[in-house]
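Visitor: predicted structure and sequence below. I'll ask about it afterward.
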Amino acid sequence: MVACADPDRPVGGWSVCSARKAPGVVAGPQLTCSRAFTDNDIWLRGRGLEDAGCFALVLEKIPAALCQRVCQELTIPVIGIGAGPADGQVLVIHDMLGMNQGFSPKFLRRYADLNTVITEAVQNYIDDVKSCDFPSEKEQY
């Protein structure tokens, strides 16, 4: 890792393991890193990112025990996404609001089903336009 070129520009680090069935180094239960990274490699990357000046580290799809170790041993905040308890958590807003039904990783908790709400709303709009019910006189200048 190299130090951040501009000390006035905040930089965050990101370390990801991908759930795969392809051969690789097992980093935890049913989780394989996309490259042959061991738990220690991921921890060393986190340490390297901290030493390079990153203000925070995001761990994605990392086994919970490894996330806990990284949180305890680094001084920068660690944000988890599918990584177990961390200093903070993040979910993509479109995923947590249920706007994309085709994406459903283990760590995702949906707080709404906006895909259905949006689909119904758009269909209602289309129906109203086709039937000349929209715009009504109240909705015109």
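Guide: Yep, it's here. Keep in mind that what you see is a predicted model, and the values were worked out from it rather than measured.
Visitor: tell me where the protein has strands.
Guide: Residue ranges of the strands in the chain, as given by DSSP state E, are 12-16, 26-28, 31-32, 56-60, 78-81, 88-89.
Visitor: of these, which shows the lowest average pLDDT?
Guide: Per-segment mean pLDDT for these reaches its minimum on strand 26-28, at a mean of 43.
Visitor: state the pLDDT value of S131.
Guide: Looking at S131 specifically, the model assigns a pLDDT of 98.
Visitor: can you report how many residues lie near it?
Guide: By other Cβ atoms under 10 Å, the residues close to S131 number 8. In short, each C-beta sits where N, CA and C put it, glycine included.
Visitor: gap between the biggest helix by length in the chain and the chain center?
Guide: With residue count as the measure and DSSP state H as the assignment, the chain has helix 114-130 as its longest helix. If you compare the mean C-alpha spot of helix 114-130 with that of the full chain, they lie 29 Å apart, counting by Cα atoms, centre = their mean, to the nearest Å.
Visitor: which residues touch it?
Guide: Applying Cβ atoms under 8 Å, 6 or more residues apart in numbering, the set of residues contacting helix 114-130 from outside is L97, G98, M99, N100, Q101, D133, F134.
Visitor: okay, buried residues for it please.
Guide: L114, N115 (16 or more other Cβ atoms under 10 Å).
Visitor: then it to CSV, C-alphas only?
Guide: Provided in CSV are the C-alpha atoms of helix 114-130 (Å, rounded to 0.1, in the frame of the first residue of the first chain):
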residue,chain,number,x,y,z
LEU,A,114,-40.9,-0.7,-3.2
ASN,A,115,-40.6,-2.8,-6.4
THR,A,116,-44.3,-3.7,-6.1
VAL,A,117,-45.3,-0.2,-5.1
ILE,A,118,-43.4,1.4,-7.9
THR,A,119,-44.6,-1.1,-10.5
GLU,A,120,-48.2,-0.6,-9.5
ALA,A,121,-47.8,3.2,-9.5
VAL,A,122,-46.3,3.2,-12.9
GLN,A,123,-49.0,0.9,-14.3
ASN,A,124,-51.7,3.2,-12.7
TYR,A,125,-50.1,6.2,-14.4
ILE,A,126,-50.0,4.4,-17.8
ASP,A,127,-53.6,3.3,-17.4
ASP,A,128,-54.7,6.9,-16.5
VAL,A,129,-52.8,8.4,-19.5
LYS,A,130,-54.3,5.8,-22.0
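Visitor: no more questions from me, cheers.
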